[in-house]
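S.K.: what's the 3D shape of this:
(chains A and B)
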Amino acid sequence: MEKYNLNHLRELEAEAMYVIREVAAQFEKPVLLFSGGKDSIVMFYIARKAFWPAKVPFPLMHIDTGHNFEETIEYRDNLMKRTGAHCIAAMVQDSIDEGRVTEEKGVNASRNMLQTTTLLDAIEKHKFDAAMGGGRRDEEKARAKERFFSHRDEFGQWDPKNQRPELWNIFNGKKRIGEHFRVFPISNWTEMDIWQYIYMEGIEIPNLYFTHKREVFCRDGVWMAKAPYMQLKPNEKLEVKDVRCRTIGDITCTGLTLSTANTLEDIINEVAATRVTERGGRADDKRSETAMEDRKKEGYF
Amino acid sequence: MGLDGKPTIKEFDSGYLNMELLRFTTAGSVDDGKSTLIGRLLYDSKAIFQDQMEAIEQASFRKGEEGVNLALLTDGLRDERAQGITIDVAYRYFATPKRKFIIADTPGHIQYTRNMVTGASTANAAIILVDARNGVLEQTIRHAYIASLLQIPHVFVCINKMDLVDFSEKTYDEIKTKFNTFAGKLDVKDVRFVPISAKLGDNVVTRSEKMNWYQGPTLMYLLENVHIAGDINYSDARFPVQNVIRPLTDKYHDYRGYAGRISSGVFKVGEKITALPSGFSSKIKTIDFGDETLGFAYAPQSVTITLEDDIDISRGDMIVKESNVPNISQDLDLMICWFNEKPLQERGKYLVKHTSADVKCLIKEITYKVNINNLEENREDKLIKMNDIARISIRTTKPLFFDSYKNNRITGSLILVDEGTNETVGAGMII
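M.R.: Got it, this is the predicted structure:
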């Protein structure tokens, strides 16, 4: 007698495959939002699995602030070549040049907030009716309230107090013209699940996630990478440290972890032992207690 | 091999890569200490991180509270934090060395019954909180009824705030007896009682030293050890087709696969199947999972099935075993929970989403409304408003392939969608 018992990773994988297939079936023009971070890498991997041996039936889209770790772009381009997928790059710089947004000033300037406009403009331009994101409910308290199929009005806004109830595995993607959905296939995954899954499936990830030597400086207790668009404050100085990324985002708001983790096993052990959430190093969340909720309501990822 | 060409890890010797997943819901009213209990579970299982703890310490201090308010961990929205209430279902995650847990934390106020139903729909277990000082209230009955209606297999009744009743065994026994009296009318198979103090931690993760009269397990022990593998229906094989996979490449020129998630039961290569609604039969040629092929697959796996014969199957169809077919009908009786401000319209028309099928339906009859505070059936009042639960009959434009909800939570459930607003207005459980 066979044993019919899925472990937690396989159950989460089955759920994500199911959600992605629902998106392909219920929407006319879906897109998968790809940042080059581990969550969107896992989401894309599962999408490949869901439609195998056919190609993934929708494009990817990278909302590119222009302030990237070079390794992320290199990884993205290689991945597209290897899988034959197509990735649209929507540039925040274009939104700035077109006068759609104004660049923030000062030492803490970041293009994080500007991405929302670029994202919403790109969704409108390409007439995407569903945008899949790698958001996870365990990341942040406002995300914990998010549905798998999350309705956005014609302004791209999220109304957290008036969400459609979501029961069993039935997803309602009905909408009016001009509205769209954000879909989060890996809602129920934790940071640990992501790493265990990458380990289990042998998924290639950017080298940034492993330890490397880098010129860094310390700002408000968080290690940041040296980059052309980062201005140092007078009391900040560059040092070379062994670091790795725990999350990968825009270089201006991605904190680095001092770490010598060299393998996936090392990373899993480090995540198991750590006492700070992965977004603890994200400057974008530290702006206020409800920074994520406020950004999400406006149409952020 | 994984899709990236590296070897995959099939067998885990290490326990934490190979855990079971338990989904549970928590129900309780505003002051039953539900958020405190969740905070306690997260805190004692070390699922709360330092920066989260610091953030709620600061927030508690700002609000002028004594000590750390663990409830602030789960109330994530600005309005929830301001008003000290939970508005929407929030999902929380933690793991112990034995299991990984997903908590659907649902608000307890009466106007949010729809959230409770939502959280309950995917749960293996429900925690119902009772304030030891107040005993069994209407809302306790309501919560237990919803757990029974949604067929949550395991119900843990936590009698909380035992510290405020001097850890009295008599109080605990009285509440237990009262709960059992009305639970007799319900359909809950596995009910357990635990006396706890969420605030102080007694019998949540660690055994209470103040209630030696209680010999049963702690709540955490129940969560970690309750047997859930048997909750899945492995006897009725049902495979609703989500998508048809046609690569149309040179290598896979004739490949035609049916993608879906197995709702229940087991499928094996070589088995005879029937496709519904066509009724055509064939045999399973392969079961594909990414680039792997499997000999068999079972619920709740997502796979792609190919058949020996070329038969016409599309989204909304269902593959079942030739020897075990579901009910096929356009006339269904349901229990329905209503979610919308606009009441249910008798003779009204709605969209139905059932497995991967989309059809329309007519509400033929509202049979009765359930008074969920005393479980009485009201056959006079046919006005079904938001948060009401009723028994209704519908007729669909096309036949649905279904099982009773009691036997199958996936093929036995459906939602109603308002054609005008696209909102999900009702959740139905097929009788």
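S.K.: count the residues that sit near the residue of the stretch 151-300 of chain A found nearest chain B.
M.R.: Using CB to the nearest CB, the closest approach of the stretch 151-300 of chain A to chain B is made by A:G202 at 3.0 Å. (Glycine included, C-beta is placed from N, CA and C.) For A:G202, the count of nearby residues is 16 (other CB atoms under 10 Å in any protein chain shown).
S.K.: again with B:D32
M.R.: 26.
S.K.: contact partners for the residue of the stretch 151-300 of chain A closest to chain B?
M.R.: Counting by CB atoms under 8 Å, 6 or more residues apart in numbering or on different chains, A:G202 makes contact with B:1-2, B:4-9.
S.K.: and chain A, which of the residues you listed reach it?
M.R.: Residues of the contacts of A:G202 in contact with chain A (CB under 8 Å from any CB of the partner chain): B:1-2, B:4-9.
S.K.: these two touch, right, A:M224 and A:T257?
M.R.: No. Look at A:M224 against A:T257 with CB atoms under 8 Å: they stay out of range, at 11.7 Å.
S.K.: report the two of the ones next to chain A among the contacts of A:G202 separated the most.
M.R.: Using CB to CB, the ones next to chain A among the contacts of A:G202 span at most 14.6 Å, a distance reached by B:G5 and B:I9.
S.K.: these two: which is more packed in?
M.R.: Between B:G5 and B:I9, B:I9 has the larger neighbour count (other CB under 10 Å), namely 16 against 10.
S.K.: what number of residues lie near A:I248?
M.R.: Counted by other CB under 10 Å, the residues lying close to A:I248 total 23.
S.K.: in which helix or strand would I find it?
M.R.: Element membership of A:I248, judged by DSSP states H and E, is empty: it is in no helix or strand.
S.K.: wait, it sits on A:Y209?
M.R.: Yes. Using CB under 8 Å, A:I248 makes contact with A:Y209 at a distance of 7.5 Å.
S.K.: what touches both of the two?
M.R.: Common contacts of A:I248 and A:Y209, defined by CB under 8 Å, 6+ apart, comprise A:K38.
S.K.: break down chain A into its strands, ranges please.
M.R.: For chain A, strands defined by DSSP state E occupy the ranges A:30-33, A:60-64, A:87-91, A:130-132, A:149-152, A:180-183, A:212-219, A:222-225, A:239-245, A:256-258.
S.K.: residues of the stretch 151-300 of chain A that sit close to chain B?
M.R.: Residues of the stretch 151-300 of chain A lying near chain B by CB under 8 Å from any CB: A:160-161, A:163-170, A:172, A:174-176, A:187-188, A:190, A:192-193, A:196, A:199-204, A:272, A:274-277, A:280, A:289-290, A:293.
S.K.: helices - which of those land there?
M.R.: Among these, the members found in helices (DSSP state H) are A:192-193, A:196, A:199-201, A:272, A:293.
S.K.: select only the buried ones of these in ChimeraX?
M.R.: Here is the ChimeraX selection string for the buried members of those, based on 16 or more other CB atoms under 10 Å in any protein chain shown:
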select /A:192,193,196,199,200,201,293
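S.K.: list just the nearest of the ones in helices among the residues of the stretch 151-300 of chain A next to chain B to A:C218.
M.R.: Distance to A:C218, by CB to CB, is smallest for A:A272 among those, at 25.4 Å.
S.K.: contacting residues for the residue nearest to that closest one when sequence neighbours are not counted?
M.R.: Residue nearest to A:A272 in three dimensions, not counting chain neighbours: A:M192, with 7.0 Å by CB to CB, 6 or more residues apart in numbering or on different chains. Applying CB under 8 Å, 6+ apart, one finds that A:M192 lies in contact with A:268, A:271-272, B:95.
S.K.: any chance of CSV for those residues, columns pLDDT and distance to B:T177?
M.R.: Shown next, in CSV, are the contacts of A:M192 (pLDDT from 0 to 100; distance: CB to CB, whole Å):
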residue, pLDDT, distance to B:T177
A:I268, 87, 48
A:V271, 83, 46
A:A272, 78, 44
B:A95, 86, 36
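S.K.: quick one, what contacts the residue nearest the centre of chain A?
M.R.: With distances taken as CA atoms, centre = their mean, A:G134 lies nearest the centre of chain A, 4.8 Å away. Counting by CB under 8 Å, 6+ apart, A:G134 makes contact with A:33, A:35, A:37, A:39-40, A:42-43, A:184, A:186.
S.K.: mind checking which of the residues you listed are in helices?
M.R.: Mapping the contacts of A:G134 onto helices (DSSP H) picks out A:39-40, A:42-43.
S.K.: in TSV: those, plus pLDDT, neighbour count and distance to A:A90.
M.R.: Shown next, in TSV, are the ones in helices among the contacts of A:G134 (pLDDT from 0 to 100; neighbours: other CB atoms under 10 Å in any protein chain shown; distance: CB to CB, whole Å):
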residue	pLDDT	neighbour count	distance to A:A90
A:D39	96	22	19
A:S40	96	23	14
A:V42	97	26	22
A:M43	98	27	18
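S.K.: so where's chain B uncertain?
M.R.: By pLDDT under 70, the weakly predicted segments of chain B are B:9-17, B:29-30, B:48-53, B:65-87, B:108-112.
S.K.: rerun at 80
M.R.: In the predicted model, chain B carries pLDDT under 80 at residues B:1-2, B:5-18, B:28-32, B:35, B:44-88, B:107-113, B:373.
S.K.: that one - how does it break down into domains?
M.R.: Annotated domains of chain B cover B:15-230, B:238-321, B:327-430 [automatic domain parsing].
S.K.: can I get the ones you listed in TSV with distance to A:V56?
M.R.: Below are the domains of chain B laid out as TSV (distance: least, CB to CB, whole Å):
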stretch	distance to A:V56
domain B:15-230	26
domain B:238-321	11
domain B:327-430	19
